[in-house]
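Sequence below, structure please.
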Amino acid sequence: MDSVRKICGRCGQAFACQQHSVEGCHCSLYNLRPELSKALAEKYTDCLCGECLAELTQNDTLNDNNDDQAISSGMA
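Here you go, the predicted structure:
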């Protein structure tokens, strides 16, 4: 399947989303905790780029105006 050009809602970077292919989707490369995944779905209306997903997975945080808020603290 063809990829879809999207703009990351978190950083504004353009990226190619392969939402129609589980094997090709970069989202499947990251293991997000269910709580973080839920918080991301509530905060953003569409896919995020691989760089943001990697950062969020590593830091396990949401970035809001450069002020990271830990999901586990319930502040997001």
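
residue ranges with poor pLDDT in this structure?
1, 22-24, 61-76 (pLDDT under 70).

Would you map the strands across it?
With strands called from DSSP state E, the chain shows them at 4-7, 14-17, 61-64, 67-70.

got the buried residues for the second one?
By neighbour count with 16 or more other C-beta atoms under 10 Å, strand 14-17 contains the buried residues 15, 17. Placement of C-beta: from N, CA and C, glycine included.

Who are the packing partners of that strand?
The contact analysis (3 or more C-beta pairs under 8 Å, 6 or more residues apart in numbering; DSSP states H and E) places strand 14-17 against strand 4-7.

Go through the strand it packs on and flag the buried ones.
residue 6.

Enumerate residues external to that strand that contact any of its residues.
When contacts are defined by C-beta atoms under 8 Å, 6 or more residues apart in numbering, strand 4-7 is touched by residues 13-20, 46-47.

Output those in JSON lines, with distance to residue 2 appended to each entry.
As requested, those are exported to JSON lines (distance: C-beta to C-beta, whole Å):
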{"residue": "13", "distance to residue 2": "20"}
{"residue": "14", "distance to residue 2": "16"}
{"residue": "15", "distance to residue 2": "14"}
{"residue": "16", "distance to residue 2": "9"}
{"residue": "17", "distance to residue 2": "10"}
{"residue": "18", "distance to residue 2": "8"}
{"residue": "19", "distance to residue 2": "10"}
{"residue": "20", "distance to residue 2": "8"}
{"residue": "46", "distance to residue 2": "17"}
{"residue": "47", "distance to residue 2": "15"}
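
Out of those residues, flag the one nearest to residue 29.
residue 18 (11.5 Å; C-beta to C-beta).

What is the neighbour count of the closest one?
Neighbourhood size, residue 18 [other C-beta atoms under 10 Å]: 17.

wouldn't it be in contact with residue 29 here?
No. Residue 18 is beyond contact range of residue 29, at 11.5 Å (criterion: C-beta atoms under 8 Å).
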